[in-house]
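Q: requesting a structural model of the entry that follows:
(one chain, ligands or ions: 2)
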Amino acid sequence: ATARLVDGPLKGRRIVVTSGPTHEPIDPVRYIANRSSGAQGTAIAAALAALGAEVVFITGPASVPPPRGVTVHPVETAREMAEAVDAALPADAAIFAAAVADWRVARQSSRKLKKTGGGMPALEFAENPDILAGVAQRKTARPALVVGFAAETDDVLEHATAKRARKGCDWIIANDVSPETGIMGGAENAVTLIYKDGHESWPRMAKDMVARKLAARIAEALGGPAAD
Ligand code: CTP
Ligand code: CA
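A: Ligands and ions are numbered 1, 2, ... in the order given. As a prediction, the model looks like this:
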């Protein structure tokens with residue numbers, strides 16, 4: 001898809017957005033996944049495009065369709081996502097909304113695993129690259145603004161604050177994804193925006209509204225449209 005050119009405070013700005021889950025294959029018919037629907041990342045990409053940004057949308061197999069007016073790069077695994085992100089740089093900002101699998105199966109079977117008399121197969125795992133940390137800590141072509149997410153189920157603020165510092169990103173958007181919040185897979189989100197020297201909690205609102213508020217903040221941080 002070709003990007004639509006919209007006039008707005010992000011005109012001329014290139015922004016990379018990751019979204020959705022990743023799938024990590026076990027064998028040709030099975031994979032490991034997570035519950036991310038891609039809704040929040042999709043809403044963010046749409047909101048950035050609506051403000052005039054040229055959005056490169058790198059998405060795992062999401063359950064919601066990608067927005068219009070962005071360049072879509074579908075990927076499956078964390079490693080494919082990492083490669084697509086690298087290829088999309090340089091950019092003015094990068095927003096990491098994807099729920100990247102932390103682990104992949106170390107040795108993917110080229111044949112379907114079969115039941116045997118010998119009991120269940122043992123899967124061995126390898127750690128996936130941390131895409132956000134890799135970009136945030138780049139020595140060259142680091143986007144001016146790098147934003148991560150922190151989905152937590154307990155001690156949300158504490159964990160997310162430590163996560164921002166550890167990864168070296170500028171902002172982290174923390175949210176509580178405990179099942180009782182209904183946020184994972186739901187239409188609403190309640191987030192706290194954490195920056196280097198403080199944080200602010202936003203009231204629970206539609207994911208679309210979170211996206212628009214965040215896009216406005218990003219426009220502010222980048223200081224208006226790019227000079228020609
Ligand atoms: N992320 C990433 N690549 C990974 C893992 C995570 O880019 N391999 C990004 C996510 O897109 C998100 C942020 O890092 O923006 C935080 O993800 P999260 O899973 O909360 O952090 P982890 O460092 O994986 O820590 P945890 O052990 O809590 O899962
Ligand atoms: Ca993780």
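
Q: ligand 1 contacts on the protein?
A: 18, 78, 96, 98, 100, 102, 128-132, 148-151, 163 (CB under 6 Å from any ligand atom). Glycine gets a C-beta too; all of them are placed from N, C-alpha and C.

Q: just the buried ones from these?
A: Taking 16 or more other CB atoms under 10 Å as the criterion, what is buried in the residues of the chain next to ligand 1 is 18, 78, 96, 98, 100, 128, 130-132, 148-151, 163.

Q: any chance of the residues you listed in CSV, with secondary structure and pLDDT too?
A: Shown next, in CSV, are those (DSSP: H, G, I helix; E, B strand; the rest coil; pLDDT from 0 to 100):
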residue, secondary structure, pLDDT
Thr18, strand, 98
Ala78, helix, 98
Phe96, strand, 98
Ala98, coil, 98
Val100, coil, 98
Asn128, coil, 98
Asp130, coil, 98
Ile131, helix, 98
Leu132, helix, 98
Gly148, strand, 98
Phe149, strand, 97
Ala150, strand, 96
Ala151, strand, 90
Lys163, helix, 97
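
Q: out of the helices and strands in the chain, which is least certain?
A: strand 188-189 (a mean of 90; mean pLDDT, DSSP states H and E).

Q: my understanding was that Gly185 contacts Asn34; is that so?
A: No. With contact defined as CB atoms under 8 Å, Gly185 does not reach Asn34; the gap is 10.9 Å.

Q: who has more neighbours, the two?
A: Asn34 (17 against 12; other CB atoms under 10 Å).

Q: okay but the more buried one is in contact with Ala101, surely?
A: Yes. Counting by CB under 8 Å, Asn34 touches Ala101, with 6.6 Å between them.
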